[in-house]
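Engineer: With the sequence up front, the predicted model follows.
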Amino acid sequence: MPNVSVYLTKTGQVEVLPMEDYVTGVLAAEMPADFELEALKAQAIAARTFIVRRLVDGDMSGVPDRKAMVTDTVSHQAYISKEVLEKEWKAQGKSAELAKLQRAVRETRNTIMTYKGKPITASFFSTSNGYTENSEDYWKEDIPYLRSVASPWDKELAPGYKETVTISRKDFITKLGLAGQAITVSTGQPFIQVLSTTEGHRIKEITIGGHVFSGREVREKLNLRSSEFTWKTSGADIQITTYGYGHGVGMSQWGADGMAKEGSTATQILKHYYTGVDFMQASKLLSKP
């Protein structure tokens with residue numbers, strides 16, 4: 001198996017390490033170690049699939065140093081360096097947590113998800129609103145294994161399932177890029193109105209002051225946790241309540257933990273969130289000429 005080279009953002013250095021050690025560093029950064037072992041194993045397979053896909057495709061996009069394949073940020077996968085894990089985690093008394101992550105990686109060693117023989121885009125996110133999202137409702141591309149499925153566990157388990165933020169009406173208008181623009185509201189029409197929703201129960205299109213936005217645009221411009229949200233106006237403020245956390249495509253991490261708590265295996269979790277995928281040994285793909 002080839003090594004993985006990671007650009008470390010804080011230092012500007014490139015760390016080169018075996019793939020399974022890289023997967024451990026991603027797991028440490030991306031999922032709480034107190035999650036169930038089978039959820040951690042599912043996350044390990046997703047993380048490994050992500051890097052193998054980049055290797056197979058020769059994809060070096062978004063990396064500032066040509067000696068690296070990937071960065072340690074969420075634009076690729078969050079990653080905690082081997083040095084930090086071995087020194088700081090152990091110094092903080094987190095040896096048992098590290099051992100649990102290493103076990104999850106070891107027990108899934110070399111395993112990746114494929115669709116029609118190719119590594120998948122193994123996207124994941126923190127918390128669903130009760131459903132995952134079809135890929136084309138967040139990105140433009142219709143990806144057959146990234147379909148909307150139910151994820152009822154998050155509401156019960158995830159502390160960040162529901163959040164309310166207050167934003168002034170002035171900031172709301174400015175952040176949406178409407179300051180100085182004509183804001184038209186027909187008589188009897190509300191200032192904010194949902195036009196359509198996705199299969200994953202998030203806002204697809206919404207009109208605000210006569211201007212149409214996608215739910216994703218509003219989420220990103222206002223820095224909201226999810227594109228399923230409700231609102232109410234209160235004087236000069238708008239209170240926005242979001243449901244779920246993240247883009248909603250692929251595996252919900254809190255949902256995976258919920259499935260594991262009910263006895264699902266890593267394979268069952270992944271087959272639930274990624275429709276129609278198969279499993280394969282990464283070394284078979286990477287050893288092809």
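Structural biologist: That came through, no problem. Just so it is clear, the model here is predicted, and its values are computed rather than measured. Numbers count the residues shown, from 1 in each chain.

Engineer: Next, the contact list for Leu270, please.
Structural biologist: Counting by Cβ atoms under 8 Å, 6 or more residues apart in numbering, Leu270 touches 42, 45-46, 113, 251, 277, 279. For every residue, glycine as well, the C-beta is placed using N, CA and C.

Engineer: Could you rerun that using 10 Å?
Structural biologist: By Cβ atoms under 10 Å, 6 or more residues apart in numbering, the residues touching Leu270 are 41-43, 45-46, 49, 111, 113, 120, 122, 250-251, 256, 259, 264, 277, 279.

Engineer: Tell me which residues of the helix or strand where it lies come out buried.
Structural biologist: Leu270 belongs to helix 266-273 when assigned by DSSP states H and E. By neighbour count on 16 or more other Cβ atoms under 10 Å, the buried set for helix 266-273 is 266-267, 269-273.

Engineer: picking that back up, what about the contacts of Leu270, which are in strands?
Structural biologist: 111, 113, 251, 279 (DSSP state E).

Engineer: Quick check: phi and psi at Glu136.
Structural biologist: phi -70, psi -10 (degrees, to the nearest 10).

Engineer: got the contact list for it?
Structural biologist: Glu136 touches 142-143, 146, 198-199, 249, counting by Cβ under 10 Å, 6+ apart.

Engineer: now those residues as a markdown table including secondary structure and pLDDT?
Structural biologist: As requested, the contacts of Glu136 are exported to a markdown table (DSSP: H, G, I helix; E, B strand; the rest coil; pLDDT from 0 to 100):
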| residue | secondary structure | pLDDT |
| --- | --- | --- |
| Asp142 | coil | 97 |
| Ile143 | coil | 98 |
| Leu146 | coil | 99 |
| Thr198 | coil | 98 |
| Glu199 | coil | 98 |
| Val249 | coil | 98 |
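
Engineer: Show me how to select, in PyMOL, the buried members of those.
Structural biologist: Of the contacts of Glu136, the buried ones can be selected in PyMOL as follows, counting by 16+ other Cβ under 10 Å:
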select buried, resi 143+146+198+249
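
Engineer: Counting neighbours, which bits of the longest helix anywhere in the chain end up buried?
Structural biologist: Looking across the chain with DSSP state H, the single longest helix is helix 37-57. For helix 37-57, the buried set under the neighbour-count rule, 16+ other Cβ under 10 Å, comprises 38-55.

Engineer: What backbone torsions are found at the residue sitting nearest the centre point of the chain?
Structural biologist: In the chain, the centroid-proximal residue (Cα atoms, centre = their mean) is Phe125; its distance is 2.6 Å. As for Phe125, its main-chain torsions (degrees, to the nearest 10) stand at phi -160, psi 170.

Engineer: do the same with Pro32
Structural biologist: phi -60, psi 140.

Engineer: any idea how far it lies from Ala158?
Structural biologist: 11 Å (Cβ to Cβ, to the nearest Å).

Engineer: residues contacting Thr230?
Structural biologist: 164, 194, 203, 239-243.

Engineer: Local confidence estimate at it?
Structural biologist: On the pLDDT scale, Thr230 is placed at 97.

Engineer: Equivalent analysis for Thr184, please.
Structural biologist: 67.
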